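Q: I'd like to go over a predicted model; first the sequence, then the structure.
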Amino acid sequence: MSIKVDKVTKLYGSQKALDEVSFQVERGQITGLLGPNGAGKTTLMRIITCLIPPTEGQVFVNNINTMEDPVAVRKMLGYLPENNPLYPDMYIREYLEFVAALYKVSSPKKRIEEIIALTGLEPEISKTIGKLSKGFRQRVGLAQALIHDPEVLILDEPTSGLDPNQILEIREVIKRASVNKTIIFSTHIMQEVEALCQRVVIIHKGKIVADDLTAHLSHWVSSSETIFVGFDQKVDIQLIRRINGIITVKAKDNNVYEIKAKPDMDIRPALFKFAVDHQLTVLSLQQSEKSLEEIFHEITQNHSFKNG
């Protein structure tokens with residue numbers, strides 16, 4: 001087990017930022033940490049990286065308790081905080097030499113060149129950090145997090161404030177860097193989770209409200225099926241509603257009908273039989289799945305969520 005968070009609670013005065021949060025991350029897994037602003041994501045990351053202590057509970061990184069031996073834990077961690085603090089007057093290579101020295105990296109010159117190539121910093125290597133675009137500053141932040149070849153990467157909003165092209169570029173850097181590493185990163189960009197993560201943990205008001213493989217996340221919300229069926233002529237909605245398993249029917253444009261069916265019930269055969277019985281031709285049939293954005297919204301807005 002690479003990371004274990006066990007009943008972690010964090011209080012700021014009377015405010016409870018985290019409330020008995022527990023989850024585990026397997027070695028080599030990429031996990032997306034999602035949640036609305038103020039949900040507790042950054043607090044949780046700061047606890048994992050030994051920057052702040054939990055009020056209650058424990059965190060283990062590769063079986064080492066973060067409170068008992070934080071120095072050993074930090075050696076295994078690479079951390080990119082949300083604000084990505086850098087030294088604007090330093091040149092890129094100069095800054096990486098500084099960080100490599102802090103971590104006592106063996107063969108630092110060789111490692112720095114490897115990291116420059118991995119993060120795609122070559123085009124801007126002659127510039128000071130202060131003269132870089134935000135996208136390249138994020139690359140420098142990733143480079144410093146990777147310089148000591150950590151087993152675990154913690155990335156807090158790594159693409160925040162970037163334009164679409166920069167987001168794609170940083171995503172590719174993370175993909176290249178993720179080989180044989182355990183990664184937890186927080187984000188508000190759902191496409192990022194779908195592109196990078198095997199697993200999603202959703203946190204809301206300091207509590208974990210969903211934790212599952214990305215492909216299985218739809219199981220945490222209402223599972224009624226939505227189907228769009230198009231006929232060659234207008235149909236009486238009341239006739240469609242009589243089909244067994246249908247919950248609601250709405251007429252759309254061009255003789256298309258939006259149908260919600262009971263969970264785990266395939267009504268497509270019944271629709272085709274309905275068409276034959278009423279001398280209709282089915283021109284289109286599309287089954288709609290909820291997007292990750294819709295799932296995230298439903299989980300964090302509906303307090304009667306499932307418990308797994």
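A: Perfect, I can see it now.
Q: residues in contact with the nearest residue to V21 once chain neighbours are set aside?
A: Using Cβ to Cβ, 6 or more residues apart in numbering and skipping the chain neighbours, the partner closest in space to V21 is V8 (4.7 Å). C-beta here means a position set from N, CA and C on the backbone, and glycine is covered the same way. With contact set as Cβ atoms under 8 Å, 6 or more residues apart in numbering, V8 has these partners: 18, 20-22, 44, 47, 54, 56-59.
Q: can I get those in JSON lines with secondary structure, distance to D277 and pLDDT?
A: Formatted as JSON lines, the contacts of V8 follow (DSSP: H, G, I helix; E, B strand; the rest coil; distance: Cβ to Cβ, whole Å; pLDDT from 0 to 100):
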{"residue": "L18", "secondary structure": "strand", "distance to D277": "57", "pLDDT": "96"}
{"residue": "E20", "secondary structure": "strand", "distance to D277": "56", "pLDDT": "95"}
{"residue": "V21", "secondary structure": "strand", "distance to D277": "54", "pLDDT": "96"}
{"residue": "S22", "secondary structure": "strand", "distance to D277": "54", "pLDDT": "96"}
{"residue": "L44", "secondary structure": "helix", "distance to D277": "56", "pLDDT": "96"}
{"residue": "I47", "secondary structure": "helix", "distance to D277": "62", "pLDDT": "97"}
{"residue": "P54", "secondary structure": "coil", "distance to D277": "63", "pLDDT": "96"}
{"residue": "E56", "secondary structure": "strand", "distance to D277": "63", "pLDDT": "97"}
{"residue": "G57", "secondary structure": "strand", "distance to D277": "61", "pLDDT": "97"}
{"residue": "Q58", "secondary structure": "strand", "distance to D277": "63", "pLDDT": "96"}
{"residue": "V59", "secondary structure": "strand", "distance to D277": "62", "pLDDT": "97"}
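Q: follow-up on the earlier one: for the residue nearest to V21, give its distance to E20.
A: Distance of V8 to E20, given as Cβ to Cβ, to the nearest Å: 7 Å.
Q: pull up the overlap in contacts between those two.
A: Common neighbours of V8 and E20 (Cβ under 8 Å, 6+ apart) are 56-57.
Q: CSV for the contacts of V8, including distance to L86 and neighbour count?
A: Converted to CSV, those look like this (distance: Cβ to Cβ, whole Å; neighbours: other Cβ atoms under 10 Å):
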residue, distance to L86, neighbour count
L18, 28, 27
E20, 35, 14
V21, 30, 24
S22, 34, 13
L44, 24, 29
I47, 23, 25
P54, 28, 22
E56, 34, 14
G57, 32, 17
Q58, 32, 16
V59, 27, 22
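Q: for the residue nearest to V21, helix, strand, or coil?
A: Here V8 takes the strand state, with states given by DSSP: H, G, I helix; E, B strand; the rest coil.
Q: next one: it from V235, what distance?
A: As judged by Cβ to Cβ, V8 and V235 stand 55 Å apart.
Q: count the residues that sit near S106.
A: For S106, the count of nearby residues is 10 (other Cβ atoms under 10 Å).
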